[in-house]
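**Q** turn this into a structure:
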Amino acid sequence: VSLILITSIIFFLYDFFVQREFNAKKDLLQAKRQYMRFVSHEVRTPLNAVCLGLELVKDEMLSTHASLSNSITALTSEKNGEEKNFAFSSTTSAKCISEKISQWINLTEEVATSAQSGVRILSDLLNYDKVENGMLKLDI
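**A** Numbering: from 1, shown residues only. Here you go, the predicted model:
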């Protein structure tokens, strides 16, 4: 009888500690899921907005660059006297501005590429979490 009682107590204690460990892991998994949802909402969403804003800025700069190039072409076609000196001065200034705009366009493209890479990495992490939890659905 005492052996049965001791065995029962051991099994009861074993079950108690296993249940406690299981609940701790379950709580940890729930905290991880909440963190991943937070990352998705609080980081990926604004980063997508940054990407869109950078595309809009780049498009505006490309438009400005194109109109400036047209102005340079028009100014260099001037041919007589004072207009030629004015055209040379304006053309030189416009070319400097055009070069600066080109540099800003390149910088904007680099930043947009980096932001898009960040979004892809976050999406991959979130997809990994979905795969791990068995929640990812593949459309074939």
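**Q** what about residue 112, neighbour count?
**A** Per other C-beta atoms under 10 Å, the neighbour tally for residue 112 reads 18. For every residue, glycine as well, the C-beta is placed using N, CA and C.
**Q** so in this structure, which helix runs the longest?
**A** In the chain, assigned by DSSP state H, the helix with the most residues is helix 81-133.
**Q** so which elements touch that helix?
**A** helix 2-39, helix 45-76 (3 or more C-beta pairs under 8 Å, 6 or more residues apart in numbering; DSSP states H and E).
**Q** closest one to residue 98 among these?
**A** helix 45-76 (5.1 Å; C-beta to C-beta).
**Q** quick one: that closest one to helix 81-133, angle?
**A** Interaxial angle of helix 45-76 relative to helix 81-133 (axes from the mean of the first three to the mean of the last three C-alpha atoms, to 10 degrees): 160 degrees.
**Q** and helix 45-76, which residues are buried?
**A** 48, 50, 51, 54, 58, 61, 65, 72, 75 (16 or more other C-beta atoms under 10 Å).
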